[in-house]
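Student: any chance you can model this:
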Amino acid sequence: MRKIYLLLFSFIFFSCTLSFGQVLTVYEKSSKQVIPGVLVFGNEPYLSAITNSKGQIDLSIFSEQAEIHFQLLGFESVSFSVEELKNSDYQVFLSPGLIQMEQAIVTGSRWRQSNQDIPGKITVLNKDNFQLRSPSTTADWLGSNGDVFIQKSQQGGGSPMIRGFSANRLLYAVDGVRVNTAIFRGGNLHNVISIDPLAIQNTEVLFGPGSVMFGSDALGGVMAFETLKPNFSDSGLSINGNLFGRFASSNHEKTFHGDISLATEKWAFLTSVSHFDYGDLKMGKHGPDDYLRSWYVIPSADGDLVLENPDPLIQKTSGYTQLNLMQKISFNPSHKTDWEYGFHYSRSSDIPRYDRLIQGSLDKPRYAIWNYGPQVWMMNQLTLNQLGNGKLYDQMSIKLAQQYFEESRINRRFNDYSLFDRVEKVNAWSLNADWVKNINQESFLSYGIETVYNGVASTGVETNIQSGETMAASARYPTSEWTSLAAYGTYHAHLSEKLKLQTGLRYNQVFLSADFASNAAFFPLPYQKTSNNNGAFTGSLGLILNPSSTWTISPQVSTGFRAPNVDDLGKFFDSEPGAIIIPNPDLKPEYVYNAEINLNKHWGSFLKIDASVFYTYLDHAMVRRPFQLDGQDSIPYEGVPSKVLAIQNAASAKIFGMQAGVEWSPSQNWLVYSKINWQKGKEELDDESTSPSRHAAPLFGLTRLTYSKNKLKIELSTMYSGEVAFEDMPMDEIGKPHLYALDENGNPYSPSWTTFNLQGTYKLLKSLDLMAGIENIGDKRYRPYSSGLAASGRNFTFSIKASF
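Tutor: Got it, this is the predicted structure:
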């Protein structure tokens, strides 16, 4: 398989021609100072660049007919024709403005284009806001915008929920490469923390099915992360970099980051290093006592010891550490061609699974140890981007990537001598080839192919902690391979001055093979090997209607699919106390059918509102249902009689909801920003009754008031979540009472909560920024819905950033 990828890539042939174009400079209107970092993009979806440290950009890549857009957070976006730029002596002046009417996005078509040309809802999280809010992890970064709900089973985690979907029903991409693997699970998924939040340049969240662009798993949405990119120099060698440090009081967080860039006209290098150290997290003082950590276990081979917690607000054994490295090398032989190599590496320490460690009581704890072993992610990526004037395409992008994932689960029951260590390793290869072709001035076609291969190896070891004797234990997964082949095409057209169209179609074929021989001694299945082969068509159709220059109405229908992966088809796993999931080789894909309408209205540059209403139907849903093994509905697992379950295509679900937002800038220095999300879901149970959908989050949102002037920026915010009463609890969650508070009848429920936060940043020097904040000012004790970990109490944060 690796040889096939390399052979395919070696067929790419290109010519490099050297040319020079007109240089344009961008200035701040009042001070006349140059502005670096301005995103410049054209109507053609592949034309984009960023101004250098001198505020300059080479216009040679933009056609004479193109309208060119200039965008930077904190300034009003502007657009000009090439002729207008020529008449202005190639100078552009930007005025301060806190509301952005136009943004450049990638996830809509895999090419950078204006959000005003995309019918779906896409949220952009800009790096400039990251510095002010200074989130601890990438999961916290996703949750900071008010559109994504974050569940946490442990501090070293963060599982996004989007429009009633989570885990392997959402898709993650880093620098355009699919990160989902064949062992992404369906409960809660925490792999997003492997992405370094301090190395992110831009984040986009696409809501609703994204299977046309991204294939299997993109049912509820796509989270696309663009990491720091080295920039070239136009005047010899340039060197610049950043140093960053952050401290937080509630978990004694100590974060350090450094990055450095070296650049010439043809070569650019960027190195990034981050280290995160999180101690035990302290919850708030005011809230349900059910969340208190009143006891904890000290494991020992001579007998586990249970101790009372002297400070029940401290969530004992919740801390962890993490290291992230990134290296990028770019080569630009001409203005039409560039190559980029990227290396990413992330490794955590052991991460205590807090929601398992709090099971039981002071008198009878369930576990002495339950850790995720070091979570490892490594990616090597080679990208070729080339402009062309050929008959088949105007730009080509080829991405070849190799990824390695490692995760493990280490657990031992209280006062039991058997320690189980199960390790999973995935080697993933992928090749994406994307092309875009202008048909005329009003329309273009983008198309591409994708192939993905995952090889899965899984082992299990049981160790007697007293004698040190080891023996084989059941593996979580079979030895398996998962392969996806796909082709897609999308068509974009300006049908009239007020109407635009975007439509797309994709075909995917997914192959899975699994060998259960390694588990034959533990689970005598009636088969040793199995295979699964499924194909799926998905499509989308959207319109963008502009009744006036200030109104946008965008209806869209789309479909998505998720093919069975190794976690679905081949897993052996204790899903809950007294139950075990076993493999089911007869699984088929699940499909979603989605309809939505997105509205956007603005009044000048001081007020903007947006709203989205959606309805999604999930068919042939893969869900846990009672099963039998050799006619038995119960088998022993780790010495405990366990009910037999399996993932089956046995249900459907309906999710509907609304998302809304407002941005209001009453003056140049003030901004009010507010988001609210409401969704409801019903899923079918095995007795044909219905239950609320597990991953449909309660009402949630945020409101921010921001003041920005010169070197100072201050933000007061509130975040909130509604209640999930016992009668509205999903059946899956009712079986986990240890995660929830108890109502007046002693039933589990998730209380509503509200927090207030204050954050600020001050530019002390041109190259020195200070950031400070108080999170959860009222010291509220709360646990977000479905989470195993109580959120941070009052938290004082301090950060410093130095640039050179």
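Student: name the SS class of residue 732, please.
Tutor: Under DSSP: H, G, I helix; E, B strand; the rest coil, residue 732 falls in the helix class.
Student: distance check, the residue nearest to it when sequence neighbours are not counted against residue 726.
Tutor: With sequence-adjacent residues excluded and distances taken as C-beta to C-beta, 6 or more residues apart in numbering, residue 732 is closest to residue 694, at 4.7 Å. In short, each C-beta sits where N, CA and C put it, glycine included. In this view, residue 694 and residue 726 are 15 Å apart by C-beta to C-beta, to the nearest Å.
Student: how about low-confidence regions in the chain?
Tutor: 1-21, 44-47, 63-66, 100-102, 390, 573-577 (pLDDT under 70).
Student: can you list the strands that the top strand by length along it pairs with?
Tutor: Identified as the longest strand of the chain according to DSSP state E is strand 640-667. When pairing is defined by DSSP bridges, strand 640-667 lines up against strand 579-581 (parallel), strand 607-626 (antiparallel), strand 634-637 (antiparallel), strand 670-684 (antiparallel).
Student: any chance of TSV for those strands, columns mean neighbour count and distance to residue 107?
Tutor: Formatted as TSV, the strands paired with strand 640-667 follow (neighbours: other C-beta atoms under 10 Å; distance: least, C-beta to C-beta, whole Å):
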stretch	mean neighbour count	distance to residue 107
strand 579-581	22	33
strand 607-626	19	16
strand 634-637	16	41
strand 670-684	19	19
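Student: got those as CSV, with distance to residue 31 columns?
Tutor: CSV is the format used below for these (distance: least, C-beta to C-beta, whole Å):
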stretch, distance to residue 31
strand 579-581, 62
strand 607-626, 26
strand 634-637, 69
strand 670-684, 20
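Student: re the thing from before, buried residues in the longest strand of the chain, which are they?
Tutor: 642-657, 659-661, 663-665 (16 or more other C-beta atoms under 10 Å).
Student: picking up where we left off before, with neighbour numbers in mind, choose between residue 694 and residue 726.
Tutor: residue 694 (22 against 16; other C-beta atoms under 10 Å).
Student: would you confirm that the more buried one contacts residue 734?
Tutor: No. Taking contacts as C-beta atoms under 8 Å, residue 694 lies outside contact range of residue 734: 10.5 Å.
Student: all helices for the stretch 101-250 of the chain, in order.
Tutor: Assigned by DSSP state H, counting those that start in this stretch, the stretch 101-250 of the chain shows helices spanning 127-133, 138-143, 211-214.
Student: ok, residues contacting the shortest one?
Tutor: Going back to what we said before, that points to helix 211-214. Outside of helix 211-214, the residues within contact range by C-beta atoms under 8 Å, 6 or more residues apart in numbering are 107-110, 171, 173, 178, 218-219, 222, 488, 490, 504-506, 508, 536, 538-540, 558-561.
Student: same question, stretch 89-100
Tutor: Contacts of stretch 89-100 (C-beta under 8 Å, 6+ apart): 22-30, 35, 38, 59, 70-78, 80, 85, 602, 605-608, 663, 665, 668, 670-671, 706, 708.
Student: of these, which belong to strands?
Tutor: Those of the contacts of stretch 89-100 lying in strands (DSSP E): 23-28, 70-71, 78, 80, 602, 607-608, 663, 665, 670-671, 706, 708.
Student: who's in contact with residue 464?
Tutor: Counting by C-beta under 8 Å, 6+ apart, residue 464 has contacts 417-419, 470.
Student: list the buried residues for the helix or strand harbouring residue 761?
Tutor: Using DSSP states H and E, residue 761 sits within strand 753-765. Within strand 753-765, the residues scored as buried using 16+ other C-beta under 10 Å are 753, 755, 757, 759-761.
Student: look up how far residue 699 lies from the residue positioned nearest the centre of the chain.
Tutor: Nearest to the centroid of the C-alpha atoms of the chain, with distances taken as C-alpha atoms, centre = their mean, sits residue 223, at 4.1 Å. Distance, residue 223 to residue 699, using C-beta to C-beta: 22 Å.
Student: then residue 476 would be within a helix, right?
Tutor: No. Applying three-state DSSP, one finds residue 476 to be coil, outside a helix.
Student: how near is it to residue 456?
Tutor: For residue 476 relative to residue 456 (C-beta to C-beta), the value is 10 Å.
Student: joint contacts of these two?
Tutor: The contact lists of residue 476 and residue 456 share residue 424, where a contact means C-beta under 8 Å, 6+ apart.
Student: the residue lying closest to residue 237 once chain neighbours are set aside: what's it in contact with?
Tutor: Nearest residue to residue 237, sequence neighbours excluded (C-beta to C-beta, 6+ apart): residue 264, at 5.7 Å. Residue 264 is in contact with 232-233, 236-238, counting by C-beta under 8 Å, 6+ apart.
Student: try 10 Å
Tutor: 232-238, 332 (C-beta atoms under 10 Å, 6 or more residues apart in numbering).
Student: and if you look at residue 652?
Tutor: 590-591, 617-621, 623, 682-684, 690.
Student: again, only using 8 Å
Tutor: Going by C-beta under 8 Å, 6+ apart, residue 652 touches 617-621, 683-684.
Student: ditto for residue 784
Tutor: Per C-beta under 8 Å, 6+ apart, neighbours of residue 784: 149-152, 721, 753, 791.
Student: now do 10 Å
Tutor: Contacts of residue 784 (C-beta under 10 Å, 6+ apart): 143, 149-152, 161, 697-698, 700, 719, 721, 750, 753, 790-791.
Student: which one of the residues you listed is nearest to residue 201?
Tutor: residue 143 (19.0 Å; C-beta to C-beta).
Student: isn't that closest one right up against residue 197?
Tutor: No. Checked against C-beta atoms under 10 Å, the pair residue 143 and residue 197 is beyond contact range at 11.7 Å.
Student: what's the overlap in contacts for these two?
Tutor: 135, 137.
Student: distance of the residue nearest to the centre of the chain from residue 388?
Tutor: Taking C-beta to C-beta, one finds residue 223 at 31 Å from residue 388.
Student: do the same with residue 739
Tutor: Applying C-beta to C-beta to residue 739 and residue 388 gives a distance of 55 Å.
Student: neighbour count: these two, which is higher?
Tutor: residue 739 (21 against 16).
Student: phi, psi for the residue nearest to that one when sequence neighbours are not counted please.
Tutor: Spatial nearest neighbour of residue 739, excluding adjacent residues (C-beta to C-beta, 6+ apart): residue 788 at 5.5 Å. The phi/psi pair for residue 788 (degrees, to the nearest 10) reads phi -100, psi -10.
Student: and stretch 558-577, how far from the chain's centre?
Tutor: Distance, stretch centre to chain centre, for stretch 558-577: 19 Å (C-alpha atoms, centre = their mean, to the nearest Å).
Student: tell me which residues in that stretch are buried?
Tutor: Counting neighbours by 16+ other C-beta under 10 Å, one finds that the buried residues in stretch 558-577 are 558-573, 575-576.
Student: equivalent analysis for stretch 274-282, please.
Tutor: Buried, per 16+ other C-beta under 10 Å, within stretch 274-282: 274, 276-282.
Student: what's the end-to-end length of that stretch?
Tutor: 24 Å (C-alpha to C-alpha, to the nearest Å).
Student: and stretch 105-112, how far out from the chain middle?
Tutor: Stretch 105-112 sits 16 Å away from the centroid of its parent chain (C-alpha atoms, centre = their mean).
Student: go on, stretch 443-454?
Tutor: Distance of stretch 443-454 from its chain centroid, counting by C-alpha atoms, centre = their mean, is 21 Å.
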